[in-house]
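# Can you look at this prediction? I've put the sequence above it.
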Amino acid sequence: MADTSEKKLSRMQKKEAAYEENRRHWLVEEEKIYDLWERAGNPGGDVQNQRLAKQGKKPPRRLISQLIDPETEFFELSRGAGFGIGYEGVEDVPSGGLVTGIGKIHGNWVMILANDSRVTAGAYYPISCKKHLRAQEIAEKCGLNFVYIADSAGAYLPLQDRIFPGRNQFGHFFYNMCRMSAKGLKQYTLSTGGNTAGGAYIVYLACESIMIDGMSYSFLGGPPMVKSAIGETVSMEDLGGARVHTSISGGADHFVKSQDEGIEKLRELLAFDPGQTLYIDRRRPAPPKVPADHLYRVLPKEVSKGINVREVLAAIADDSYFSEYKRNYNPGRGDNIVCGKIFLKGIPVGVIASNNNGVIFVDSARKAIEWVIRCCTMKIPILYIQNSPGYMVGAAEEYAGIGKYGSGMVRACACAEVPRIQWIIGPDHGAANFGMCGRTFDPLFIFATMRARTSVMSGDTAGFILTSLERVNRKKRGEEMDEAAAEKFRRMMIAKYDREAHPFYMEARLFNDGTLPLKDCRDALALAFEVALLQPVRASNFGNFKF
């Protein structure tokens, strides 16, 4: 008995040591998130901040903090956008030159977008366009009114061919504004600087717009263009200043004398918007029963190592309670996807979560399909917790129908009309990215953690495949690839895939909506579902499903 007890104690000690190692690892990793946020919030450093101060301006995030309700927080999206993007001659576009996110104003959720003129005078790069359009997309889908704090030099001209002519580029902002207005979504603009050429429509298309004396300018062609086109000499103020547009042209509606007064005017306008309704039966929230650092402990520091996703759910679910669907269904193969329901800060949420090593077998896929359909029938939102390297391969699985049921997961995900959110806590590879609601399947939000790795396959697998192909190609050219060259090439491919799969690489290109510290994930997911449920849930139609 004593020997058995000692072995049990030893196992517990090893488990606790592994938990502590995990915790230390993720806390160190998450310091990189805070460093990224610092760089995003302070582009150009003191030089740019002093330039703003001389103009009587405040940084955009400070204006937003004044705009939202006291003692509430601004939920910023995609702070890591544009870092390492590598345009010609431009390595970083901090936060894409924009601040976007969701805040409460007079108790209502509102989408807020602010140009950051510290980044190339607020000029739009391709990534800026993508971020602007993403904010509009979220607002339209969730039924959010929109506030623009506008201060932009317009398109970044050296990249005009990637900003101006295409469908999902600069002009689509204004198309969206018109369509959103037609749907009854109000839009408000506070101009805090220049709004030139197409950018002037941010002022003119708003339901109500505010301009600041001596600071705001809006015109289709600035003084240099006017001089070039018709030979007229005119100042910025006389051409399109605040007094011109609020008292002569009628292009703007409210005249103020400072940014602070403009923010107060915005709050005044938004005070008349009706209150929002949540289209679901929300219960009284309850905190999880596990310690606050539970996620840090139970998520292995090795990304390829399997997880117990029920421990992950215990860290985010109210009371750590999980009502599981088909708990005992084919434990060896059906358990790699776990399905069920939780309450998340009182909101009922259906869960489809990768478990163990995350490989999706036929039975896992079949269970996931059934659960998507049941969630849609109940009209409850779905949280996809992604930790899967892909679907199982091989003759036995093909004969069993992995293609059929894998495509069934894809169809169910694509056709589900309930709000869907993806949370990536590990590998996110191949077709599992589709079946588990990756970016190409239009979830309302995607949030990553520092453990997330999104790519067509893992670095190790890619290294093996691409090295094999390189050997074949060289042989066709009459060349031999020795083992040293093969190993060098393999490591190069692994490094490339690992770099491109990293959550910061994904966030920089807006393939996710932000990389979150683990301690913030429960709050972020609950907020996202609350915003998503401001619209009625529509009935789902799954088309010609093959069961």
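Thanks, I have the structure now.

# use CA for all of it now, contacts and neighbours both
Will do.

# What about residue 476, how many residues nearby?
Neighbour count for residue 476, taken as other C-alpha atoms under 10 Å: 10.

# Give me the pLDDT value at it.
We have a pLDDT of 90 for residue 476.

# do the same with residue 471
If you check residue 471, the pLDDT there is 88.

# Now do it against residue 493, distance only.
Spatial separation of residue 471 from residue 493 under the definition C-alpha to C-alpha, to the nearest Å is 14 Å.

# ok, those two, which is more surrounded?
Counted by other C-alpha under 10 Å, residue 471 and residue 493 do not tie: residue 493 has more neighbours, with 21 against 16.

# What is the helix or strand hosting the more buried one packed up against?
Mapping residue 493 onto the secondary structure by DSSP states H and E places it in helix 483-501. Under the contact definition 3 or more C-alpha pairs under 8 Å, 6 or more residues apart in numbering; DSSP states H and E, helix 483-501 sits against strand 453-455, helix 459-476.

# Not counting that helix itself, show me its contacts.
Identification of contacts with helix 483-501 by C-alpha atoms under 8 Å, 6 or more residues apart in numbering yields 452-455, 458-460, 462-464, 466-467, 471, 505-506.

# From these, list the buried ones, please.
With neighbours counted by 16 or more other C-alpha atoms under 10 Å, the contacts of helix 483-501 contain buried members at 452-455, 458-459, 462-464, 467, 471, 505-506.

# mind putting these in a markdown table, distance to residue 513 included?
Supplementary listing: the buried ones among the contacts of helix 483-501 in a markdown table, determined by distance: C-alpha to C-alpha, whole Å:
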| residue | distance to residue 513 |
| --- | --- |
| 452 | 13 |
| 453 | 14 |
| 454 | 13 |
| 455 | 16 |
| 458 | 22 |
| 459 | 23 |
| 462 | 26 |
| 463 | 28 |
| 464 | 31 |
| 467 | 33 |
| 471 | 39 |
| 505 | 12 |
| 506 | 9 |
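
# Which single one of these is nearest to residue 21?
In terms of C-alpha to C-alpha, no member of the buried ones among the contacts of helix 483-501 lies closer to residue 21 than residue 452, at 18.3 Å.

# Give me the nearest residue to that closest one, chain neighbours excluded.
Among residues not flanking residue 452 along the chain, residue 426 sits closest, at 4.4 Å (C-alpha to C-alpha, 6 or more residues apart in numbering).

# What's the mean pLDDT across the lengthiest helix in the chain?
For the chain, the helix with the greatest residue count under DSSP state H is helix 2-41. If you average the pLDDT over helix 2-41, you get 88.

# orientation of the following helix or strand past that helix relative to helix 2-41 in degrees?
Proceeding C-terminally, helix 2-41 gives way to helix 45-54 as the next helix or strand, assigned by DSSP H and E. Calculated by axes from the mean of the first three to the mean of the last three C-alpha atoms, to 10 degrees, helix 45-54 forms an angle of 50 degrees with helix 2-41.

# for the helix or strand just after helix 45-54, packing partners?
Moving toward the C-terminus from helix 45-54, the next helix or strand (DSSP H and E) is helix 60-67. Other elements packing on helix 60-67 under the criterion 3+ C-alpha pairs under 8 Å, 6+ apart are strand 98-105, strand 108-115, helix 259-270.

# Helix 60-67 vs helix 2-41, what angle?
Taking the same axes, to 10 degrees, helix 60-67 and helix 2-41 form an angle of 100 degrees between their directions.

# And residue 390, how far from residue 329?
Counting by C-alpha to C-alpha, the gap from residue 390 to residue 329 is 20 Å.

# and the two? which has more neighbours close in?
Set side by side, residue 390 and residue 329 give different neighbour counts by other C-alpha under 10 Å, the larger being at residue 390 (25 against 13).

# got the contact list for that one?
Taking C-alpha under 8 Å, 6+ apart as the contact definition, residue 390 lies against 358-360, 428-433.

# what's the average pLDDT for the helix or strand that contains residue 189?
Secondary structure here is read from DSSP H and E; on that basis residue 189 sits in strand 187-196. What strand 187-196 shows for mean pLDDT is 95.

# Please apply the same query to stretch 400-411.
The model assigns stretch 400-411 a mean pLDDT of 92.

# what's the answer for stretch 268-282, then?
Stretch 268-282 comes out with an average pLDDT of 95.

# Using PDB, list the CA coordinates for it.
Only the C-alpha atoms of stretch 268-282 are listed here, as PDB (Å, rounded to 0.1, in the frame of the first residue of the first chain):
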ATOM      1  CA  GLU A 268     -24.900  63.900 -26.900                       C
ATOM      2  CA  LEU A 269     -25.900  62.600 -30.300                       C
ATOM      3  CA  LEU A 270     -25.600  59.000 -29.300                       C
ATOM      4  CA  ALA A 271     -27.700  59.600 -26.200                       C
ATOM      5  CA  PHE A 272     -30.800  59.500 -28.400                       C
ATOM      6  CA  ASP A 273     -30.200  56.100 -29.800                       C
ATOM      7  CA  PRO A 274     -32.700  53.400 -28.500                       C
ATOM      8  CA  GLY A 275     -31.500  50.800 -26.100                       C
ATOM      9  CA  GLN A 276     -30.400  47.400 -27.400                       C
ATOM     10  CA  THR A 277     -32.100  44.000 -26.800                       C
ATOM     11  CA  LEU A 278     -30.300  40.700 -26.400                       C
ATOM     12  CA  TYR A 279     -32.000  38.000 -28.500                       C
ATOM     13  CA  ILE A 280     -31.500  35.100 -26.100                       C
ATOM     14  CA  ASP A 281     -32.500  34.100 -22.600                       C
ATOM     15  CA  ARG A 282     -29.500  35.200 -20.500                       C
END
